[in-house]
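Enquirer: Requesting a structural model of the entry that follows:
(2 chains)
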Number of protein chains: 2
Amino acid sequence: MEDLVSGLLAGKVRSLAKAITIVENDLPGKREILQRVYPRTGNAYLLGITGPPGAGKSTLTDKVIAHLRGRGKTVGVIAVDPSSPFSGGAILGDRIRMQQHALDDGVFIRSMATRSHLGGLAKNTVDVIHLFDAAGKDVIIIETVGVGQDEVDIVRIAQTTVVVMVPGLGDSVQISKAGVMEIADIFAVNKADRDGAEKLVNELRAMLEMVKSEIKPEIFRTVATDGVGIEELVAGIFAHGRRVEESGLVAKKRCLQAENELKAYIYDMIMERITSLGGYDEIVRQVAAKKLTPMTGVEKLFAGLGIAQEE
Amino acid sequence: MEDLVSGLLAGKVRSLAKAITIVENDLPGKREILQRVYPRTGNAYLLGITGPPGAGKSTLTDKVIAHLRGRGKTVGVIAVDPSSPFSGGAILGDRIRMQQHALDDGVFIRSMATRSHLGGLAKNTVDVIHLFDAAGKDVIIIETVGVGQDEVDIVRIAQTTVVVMVPGLGDSVQISKAGVMEIADIFAVNKADRDGAEKLVNELRAMLEMVKSEIKPEIFRTVATDGVGIEELVAGIFAHGRRVEESGLVAKKRCLQAENELKAYIYDMIMERITSLGGYDEIVRQVAAKKLTPMTGVEKLFAGLGIAQEE
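Expert: Have a look, this model is predicted:
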């Protein structure tokens, strides 16, 4: 355990991989690792990349990684997008393309399973982010798909979230409805050499007119397959990051994230105490049989732990 | 409060509506209502209806309601599908169509906002289901869209879940990937008069060949706009319900559902105790500043409540 943690903090790939496996699978030692690692976190740049399937997100992510590597930055990637080649839903071409990074020690790619109950994904994802962070990755990319709860969770912690769009994948009114405007810090209009790209950019602009937030999302045009616009996009990402830092929003996000994490541990740890008490299964049975209401059941469980009844 | 609860248990529409408003918005009296109502629940038939947007789910739901009314059954509808006309994302035609039920005391339709953090939707939805149930609704329909966490939550509690599909909305291989096979008790191939309907039915059949579950999903063809196939579908739903009841699966589901509900209350009630303690905000700040790990923070909060440290 000592070796594992010190290896991880020194940025050793094998230690990192092993720690991730332990954390992801709830193996013994998980808590100890996270306990030791936590004080060394908070230095990485967290970048969310999301968008609909087919927007060319993975190709774009791939090119962003290559560009960051060219600037000497180490990168951790967490793919929670089930359709992403990073997380295994790959077509062969994508897999082959990824091989270039597989041979690079400065890039570590990990796919994560989809969410479990009670915000499970968010918690596990955050734990793995901590490991990357403590291992010294300069940039951590979290790739998700769509605009569901997962994306909202990611946005809560990422410094910058890029929403990738392409012309011809449904109209932007539909997209605005789905909550993209609330999520995006930056729009990447990918496949910008296609028909309809200018129309999409104009529609996005029109919608951004109505956005009231302090820092307005910027729009970038990219053709990820050819590497076009990647440099400008990455520069835009870091420029956004600086503005967010200066505005004090990062500090606010950190506080919110700390609270979310604390709440997840409160739940996990109270459940551990309760289930180790004995009598839990009997209370579940009585609630199922409608002999006990859930609230009264909880009061009984709390009394068993020594928590006083609320007056 | 006395009048409200007794009115609700007597099935009065106004009392039900008021109780739902209180429960949904966490107004004072919520806990008391749920406490009193809970022992009177467990009698309604819970029916989940889900499927992609554009599958004609709302029209089908509408026809199922009308058919159930014709059989003398009272119906409660909870629409958690943001694209559903029941929950307000309506085109005018849908709204007008719904008016017929608006004038019928035996049908109560309620839309629910999308999920909040930590399984919020599931909990609020379940609370409203309890109210419908205690108010004597014979059938409670929960309408959702897609196959995300919401749908999994609904399937966990519904006796029968119908997945509505249409020809031409993406191929069924894609659908099988997305987890529909795990969710569906019954497939309704809607717009069955269209080209490609037979192909879709055959593809579903081929996939069902590989399903190992005890009770194989059945496939029904419907043309909801014309009311075609609705009687057969409803008969199929109740036939499925009887088989599930006989197999003991319903008892199992009730137990799981009771446990989920208990867990949600454990979380809510422990958070209430912790935040009323004082010192919570300071611990959040220390965790955000990396001066305290989340685990150590939780231990401190637990100690404040009188919960002994785990050895």
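
Enquirer: any low-confidence regions in the stretch 201-311 of chain A?
Expert: Applying pLDDT under 70 to the stretch 201-311 of chain A picks out residues A:310-311.

Enquirer: give me that answer again for 90
Expert: Within the stretch 201-311 of chain A, the ranges that satisfy pLDDT under 90 run A:203-216, A:248-254, A:256-257, A:260-261, A:264, A:277-278, A:306-311.

Enquirer: which residues of it fall in helices?
Expert: A:230-247, A:249-275, A:280-288, A:294-305 (DSSP state H, counting those that start in this stretch).

Enquirer: Could you check the angle the shortest one makes with helix A:249-275?
Expert: Think helix A:280-288. 100 degrees (axes from the mean of the first three to the mean of the last three CA atoms, to 10 degrees).

Enquirer: Okay, buried residues for helix A:280-288 please.
Expert: Residues A:280, A:283-284, A:286-288 are the ones in helix A:280-288 that count as buried (16 or more other CB atoms under 10 Å in any protein chain shown). (Glycine included, C-beta is placed from N, CA and C.)

Enquirer: just the second one next, same as before
Expert: By neighbour count on 16+ other CB under 10 Å, the buried set for helix A:249-275 is A:253-255, A:257-267, A:269-271, A:273-274.

Enquirer: for the first one, same thing?
Expert: By neighbour count, with 16+ other CB under 10 Å as the criterion, the buried positions of helix A:230-247 are A:230, A:233-234, A:236-238, A:240-241, A:244.

Enquirer: Just flag the most distant two among those.
Expert: Within those, A:Ile230 and A:Val244 form the most distant pair, 21.1 Å apart (CB to CB).

Enquirer: Which stretches in the stretch 1-150 of chain A count as helices?
Expert: Using DSSP H, counting those that start in this stretch, helices in the stretch 1-150 of chain A cover A:2-9, A:13-24, A:30-37, A:57-70, A:92-102, A:120-134, A:149-157.

Enquirer: Adding mean pLDDT as columns, could you present the ones you listed in JSON lines?
Expert: Formatted as JSON lines, those follow (pLDDT from 0 to 100):
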{"stretch": "helix A:2-9", "mean pLDDT": "95"}
{"stretch": "helix A:13-24", "mean pLDDT": "92"}
{"stretch": "helix A:30-37", "mean pLDDT": "95"}
{"stretch": "helix A:57-70", "mean pLDDT": "92"}
{"stretch": "helix A:92-102", "mean pLDDT": "49"}
{"stretch": "helix A:120-134", "mean pLDDT": "82"}
{"stretch": "helix A:149-157", "mean pLDDT": "70"}
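
Enquirer: Can you lay out the ones you listed as CSV showing mean neighbour count and distance to A:Gly248?
Expert: As requested, these are exported to CSV (neighbours: other CB atoms under 10 Å in any protein chain shown; distance: least, CB to CB, whole Å):
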stretch, mean neighbour count, distance to A:Gly248
helix A:2-9, 16, 29
helix A:13-24, 18, 31
helix A:30-37, 18, 26
helix A:57-70, 22, 26
helix A:92-102, 13, 35
helix A:120-134, 22, 21
helix A:149-157, 22, 16
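
Enquirer: For A:Val164, which of those is the nearest?
Expert: Closest approach to A:Val164 among those is made by helix A:57-70 (4.8 Å; CB to CB).

Enquirer: so the closest one versus helix A:230-247, what angle?
Expert: Helix A:57-70 and helix A:230-247 meet at an angle of 80 degrees, taking the same axes, to 10 degrees as the criterion.

Enquirer: tell me which strands and helices helix A:57-70 is in contact with?
Expert: Packing partners of helix A:57-70 (3 or more CB pairs under 8 Å, 6 or more residues apart in numbering or on different chains; DSSP states H and E): strand A:45-50, strand A:75-79, helix A:92-102, strand A:139-143, helix A:230-247.

Enquirer: coming back round to it: with respect to A:Val211, which of the buried residues of helix A:280-288 is nearest?
Expert: A:Val287 (46.0 Å).

Enquirer: Pop the domain breakdown of chain A in here.
Expert: A:1-39, A:41-250, A:259-305 (automatic domain parsing).

Enquirer: Just the endpoints, please. Distance across the last one?
Expert: End-to-end span of domain A:259-305 (CA to CA, to the nearest Å): 24 Å.
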